[in-house]
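# Sequence unavailable; structure follows:
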């Protein structure tokens, strides 16, 4: 039996067709179906405007931010296998990760540099969206989702900063949470809620850890999905709203 | 079925009996996609997916290479008894810490960040016109406004930091006015004047809402950049101003990333 007939038999089998409900996407119908019938692709529109895929329009900053989020989930889960969020053990497990865990130092480096890069990418993405006027009607709501995502990203980075439990992280979080203590009227209560006490300690570590590995990543995942889906619903990237010179001339 | 009973839509748009039809989406008639054909479009498969794979490879490769050459910092174990000098917030909050040097914490740590976040949330409801959507800086004039305010902010904000550091209001007005004026009202008013000046000029020049927002956002973004740079690179032991290359005690700001 030749290769092509074997291949054809495979793609016509019950098992294959249970997995893929369309043929190889080399024609318009299958190219539409591949996007709409795949959970990972369906956040994309079936067709995109040529202008919106120009590199110099968006610099891919939104996609870069989500890729960095993926890198952080991956390296973060690896670190979670070894890290113990207790005041007695946090620092020693960090040392273990760096010295005795295979590729531990490398994984930690990836997590830290990707985290800084994500904060930077998200800020640049916001600037790009602003300067191209992509926050305007009908995309106002999605801009607000983006602002929430910026705050979540800062929160995820800030809570992760404490976890190594070294002098750098301890004093950075002390300085950072002291600011919250100045909220008029209820500053002390807010600071106490963040820290779980009057100073950075075991309660703070477990609160920041839980926010960092569970609450904030889940919220980020949900809001990123909403954000990307909404881009599609609002008509794709704003570049596609630009009118052709000929279109304007006809009006 | 007699002709008279054929729905009018079927007369306008005769349906092919070999195909099935579905309503794709209901849209208000002012949406950007209304009346828009799929002109100048390409199928997302495979172009967009290839783009994403290329970016995925480049971004992870960049992180890989950087992680090979630069190690994440790990200092001594946390010790509540020994304060590090300087004690700095993470880099994205160090701009706020710089601001704290110039005014009361309620102004620098609560009031100004709250105003900035409120500005970000409200911005699309201030300027909602559909003009110039998807065009960088809106127009040639918008580009000039953006770069003009950028240069203005790059000059004015470092000057504010240096002058306020040399002649701190707190010390100058120690005995003459209450603290909330010297540390709250006055510095906020000074900053407000610095931010408001380019906006006032533009307003007199009859700038559009988009152009006013371009200026306001640029002042915010570039100020955040200036204050972050100052806090990160120019603040040494005691959180005092130094040149980055003249830091005492071998302190290197880059070790704090």
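That came in fine, so what should we check first? Note that this is a predicted model, so its numbers are computed, not measured.
# Quick check: residues of the stretch 151-251 of chain A near chain B?
Applying Cβ under 8 Å from any Cβ of the partner chain, one finds that the stretch 151-251 of chain A approaches chain B through A:151, A:154, A:157-158, A:161, A:164-172, A:174-176, A:178-180, A:182-184, A:199-200, A:234-235, A:237-242, A:244. Using the backbone N, CA and C atoms, a C-beta is placed for each residue, glycine as well.
# Check which residues of the helix or strand hosting residue B:53 are buried.
Following DSSP states H and E, one finds residue B:53 within helix B:44-69. Buried positions in helix B:44-69, judged by neighbour count with 16 or more other Cβ atoms under 10 Å in any protein chain shown: B:44-45, B:48-49, B:51-52, B:55-56, B:59-60, B:63, B:66-67.
# and what of stretch A:98-111?
A:98, A:101, A:104, A:105, A:106, A:107, A:108, A:109, A:110, A:111.
# when you check the residues you listed against the strands, which ones overlap?
Using DSSP state E to define strands, no part of the buried residues of stretch A:98-111 is located there.
# sorry, back to before: what helices or strands is the helix or strand following the helix holding residue B:53 leaning on?
Next helix or strand after helix B:44-69 toward the C-terminus (DSSP H and E): helix B:94-100. Here helix B:94-100 touches helix A:167-180, helix B:112-126, helix B:209-233, going by 3 or more Cβ pairs under 8 Å, 6 or more residues apart in numbering or on different chains; DSSP states H and E.
# what's the closest of those to residue B:132?
helix B:209-233 (6.6 Å; Cβ to Cβ).
# quick one on the thing from earlier: can you narrow the buried residues of stretch A:98-111 to ones near chain B?
A:98, A:105, A:106, A:108, A:109, A:110, A:111.
# residue contacts, the second one?
With contacts taken as Cβ atoms under 8 Å, 6 or more residues apart in numbering or on different chains, residue A:105 has the following neighbours: A:97, A:98, A:99, B:71, B:72.
# gap between the first one and chain B?
Counting by Cβ to the nearest Cβ, to the nearest Å, the gap between residue A:97 and chain B amounts to 9 Å.
# and for stretch B:163-171, what are the contacting residues?
With Cβ under 8 Å, 6+ apart as the criterion, stretch B:163-171 contacts B:101, B:102, B:179, B:182, B:183, B:186, B:187, B:241.
# I meant to write stretch B:99-113 there.
So stretch B:99-113 is in contact with A:178-180, A:182-184, B:96, B:160-161, B:164-165, B:168, B:179-180, B:183-184, B:187-188, B:191, B:227, B:239, going by Cβ under 8 Å, 6+ apart.
# Give me the buried entries from those.
Buried among the contacts of stretch B:99-113 by 16+ other Cβ under 10 Å: A:178-180, A:182-183, B:96, B:160-161, B:164, B:168, B:183-184, B:187-188, B:191, B:227, B:239.
# Low-confidence regions, chain B specifically.
B:1-9, B:11, B:22-25, B:27-38 (pLDDT under 70).
# count of residues packed around residue A:117?
20 (other Cβ atoms under 10 Å in any protein chain shown).
# Quick check: pLDDT value at the residue lying closest to it once chain neighbours are set aside.
Once flanking residues are discounted, residue A:117 sits nearest to residue A:68: 5.4 Å by Cβ to Cβ, 6 or more residues apart in numbering or on different chains. Residue A:68 is assigned 97 on the pLDDT scale.
# and the helix or strand where residue A:68 lies, what does it pack onto?
Following DSSP H and E, one finds residue A:68 within helix A:61-80. If you count contacts as 3+ Cβ pairs under 8 Å, 6+ apart, helix A:61-80 packs onto helix A:104-131, helix A:216-233, helix B:44-69.
# Can you tell me which of those helices is nearest to residue B:200?
helix A:104-131 (21.3 Å).
# Inside helices: which ones of the contacts of stretch B:99-113?
A:178-180, B:96, B:160-161, B:164-165, B:179, B:187-188, B:191, B:227 (DSSP state H).
# Out of those residues, which is nearest to residue A:134?
Scanning these for proximity to residue A:134, where the rule is Cβ to Cβ, the winner is residue B:227, at 26.4 Å.
# which residues touch that closest one?
B:95, B:96, B:98, B:99, B:157, B:161.
# what about the closest residue to it other than its chain neighbours, how many neighbours?
Counting by Cβ to Cβ, 6+ apart, residue B:95 is the residue found nearest to residue B:227 once chain neighbours are left out, at 3.7 Å. For residue B:95, the tally of surrounding residues (other Cβ under 10 Å) stands at 22.
# is it true that residue B:95 touches residue B:221?
No: contact criterion Cβ atoms under 8 Å: residue B:95 and residue B:221 do not qualify, at 11.1 Å.
# per-residue confidence for the closest residue in space to residue A:62 that isn't next to it in sequence?
Counting by Cβ to Cβ, 6+ apart, residue A:62 lies nearest to residue A:125, which is 5.2 Å off, once chain neighbours are set aside. For residue A:125, the pLDDT comes out at 97.
# Just to check, residue A:125 is in contact with residue A:61?
Yes: Residue A:125 lies in contact with residue A:61 (Cβ under 8 Å); the separation is 3.9 Å.
# Please name the residues that touch residue 215.
I went with chain A, as the question did not name one. Contacts of residue A:215 (Cβ under 8 Å, 6+ apart): none.
# ah, no, chain B please
Counted by Cβ under 8 Å, 6+ apart, residue B:215 has contacts B:145, B:146, B:149, B:198, B:199, B:202, B:207.
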